[in-house]
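>>> Have a look; sequence and predicted model below, questions after that.
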Amino acid sequence: MRRSDLRRLLRLTPEFKSWLLKDSMRAIEVRTDPGKTKDLYKKWKQESRIKALNLANITEQSKRASSMLNDVQAIMEMMVAEQKGKKPD
C-alpha cells in the first residue's frame, strides 16, 4: 500500500487510525512498512466484528432482563393491590 493510499484510509476510517495509535508497535510497523497496513486493517476489521457480536449478545441479554423485571414488577403491583383490598380491622 502506498503512503497516499494509507493517508486516505486513515482519513476515511478514524476508528482504524485510533486503533493503530493505541499500540506503538503497530504504529511503528505501519510507518516502516506501509505494505503491512492491509494485514493490520484485516485484523482491525475482525476485532471490530467480534465487538459488534458481543454488543448484539449484550442487547439480547438486556432485553431478557428487562422482560423479567417487568414480570416481577407486575407481580409486585398485584400484591400491593391485593394488600390494599384487605384493610386491617
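The structure has been received and is ready for your questions.
>>> ok now the helix or strand where Ser62 lies, how far from the chain's centre?
Following DSSP states H and E, one finds Ser62 within helix 37-85. Using C-alpha atoms, centre = their mean, to the nearest Å, we find the averaged C-alpha position of helix 37-85 to lie 12 Å away from the chain's own average C-alpha position.
>>> quick one: average pLDDT of it?
Helix 37-85 comes out with an average pLDDT of 87.
>>> Can you dump the C-alpha atoms of stretch 45-63 in PDB for me?
Extracted as PDB, the C-alpha positions of stretch 45-63 are listed here (Å, rounded to 0.1, in the frame of the first residue of the first chain):
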ATOM      1  CA  LYS A  45     -12.000  -5.400  11.000                       C
ATOM      2  CA  GLN A  46     -12.000  -8.800  12.600                       C
ATOM      3  CA  GLU A  47     -11.800  -7.300  16.100                       C
ATOM      4  CA  SER A  48     -14.500  -4.800  15.400                       C
ATOM      5  CA  ARG A  49     -16.800  -7.600  14.100                       C
ATOM      6  CA  ILE A  50     -16.200  -9.500  17.300                       C
ATOM      7  CA  LYS A  51     -17.100  -6.400  19.400                       C
ATOM      8  CA  ALA A  52     -20.300  -6.000  17.300                       C
ATOM      9  CA  LEU A  53     -21.200  -9.600  18.000                       C
ATOM     10  CA  ASN A  54     -20.600  -9.000  21.700                       C
ATOM     11  CA  LEU A  55     -22.900  -5.900  21.600                       C
ATOM     12  CA  ALA A  56     -25.600  -8.000  20.000                       C
ATOM     13  CA  ASN A  57     -25.300 -10.600  22.700                       C
ATOM     14  CA  ILE A  58     -25.400  -7.900  25.400                       C
ATOM     15  CA  THR A  59     -28.500  -6.400  23.800                       C
ATOM     16  CA  GLU A  60     -30.300  -9.700  23.800                       C
ATOM     17  CA  GLN A  61     -29.400 -10.300  27.500                       C
ATOM     18  CA  SER A  62     -30.600  -6.800  28.300                       C
ATOM     19  CA  LYS A  63     -34.000  -7.500  26.600                       C
END
